[in-house]
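Enquirer: Provided below for reference: sequence and predicted model.
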Amino acid sequence: TSTVVAEKDHPTAHSEIVEVTAGVCQQERESLILSSEASDASMRVNNFEFVITQIVKDAPERTVVVFNPVDILTYGSWKPKEFPKHHVIGRGCKLDSDRFCCLMSEKFSLPEAVILNGFWKNMATQESLQKRNSEVEIVSDRVTEFERSVNQMIGRSSEAITLKVHSNWGVGFNVAELIQMLLEKH
């Protein structure tokens, strides 16, 4: 049986898999892209170094690291310390993209497959929608409404950041299926 334990200082020596979800709190109106700026980089590196060094001592071959967002730490986690690359997952913006697709699909009564898998304003242009979806025709007034809705989704993303402060729990749950598969294979 698998047991999930979430604590600040938990001994990991006998764990089959140790999942480390690393990230830094986003500020209100800060996008995931902007949070990787140089001013944030040293804070992320220091945060990572402290946490991962302790865990890898006890279970180096059993540790899986998940980053939010994908940034220099994804590369930096395995290169300098010889940490195995196949134990590092750069998750990107999957949670935000999934939320975006779901909300836009509901709003326009379209299948999620025809919604662009992203949430940045410049991704939702009329041209890219037409290229992406040859089966469903979206007239220009619906595209304009769609673009307005994209701006609302970006605003809702900032609101979510304000409410949740940190996304590591969401990231952890997002990769739970992958961890479950690893445990079953192990």
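Expert: Yep, it's here. Since the structure is predicted, the reported quantities are computational estimates derived from the model, not experimental observations.
Enquirer: Over to residue 19. Which of the three states is it?
Expert: What DSSP: H, G, I helix; E, B strand; the rest coil gives for residue 19 is strand.
Enquirer: now it: how far from residue 175?
Expert: Here residue 19 is placed at a distance of 7 Å from residue 175 (Cβ to Cβ, to the nearest Å). Where you see a C-beta, it was placed from the backbone N, CA and C, and this is true even at glycine.
Enquirer: ok, these two, which is more surrounded?
Expert: residue 19 (21 against 17; other Cβ atoms under 10 Å).
Enquirer: Dig out what that one forms beta bridges with.
Expert: Bridge pairing for residue 19 (DSSP bridges) gives the partners residue 64.
Enquirer: Just the pLDDT at residue 22, thanks.
Expert: pLDDT, residue 22: 58.
Enquirer: do residue 44 as well
Expert: 65.
Enquirer: before we move on, what about the one 10 residues further on?
Expert: As summarised for this prediction, residue 54 has a pLDDT of 71.
Enquirer: Report the helix or strand with the lowest average pLDDT across the chain.
Expert: Of all helical and strand segments in the chain, the minimum by mean pLDDT, DSSP states H and E falls on helix 126-132, at a mean of 47.
Enquirer: what about residue 182, how many neighbours?
Expert: Residue 182: 16 neighbours (other Cβ under 10 Å).
Enquirer: That one contacts residue 15, doesn't it?
Expert: No - look at residue 182 against residue 15 with Cβ atoms under 8 Å: they stay out of range, at 11.9 Å.
Enquirer: Now do residue 148 against residue 46, distance only.
Expert: 40 Å.
Enquirer: Need the nearest residue in space to residue 111, chain neighbours excluded.
Expert: Spatial nearest neighbour of residue 111, excluding adjacent residues (Cβ to Cβ, 6 or more residues apart in numbering): residue 105 at 6.6 Å.
Enquirer: That neighbour: neighbouring residues, count only.
Expert: 15.
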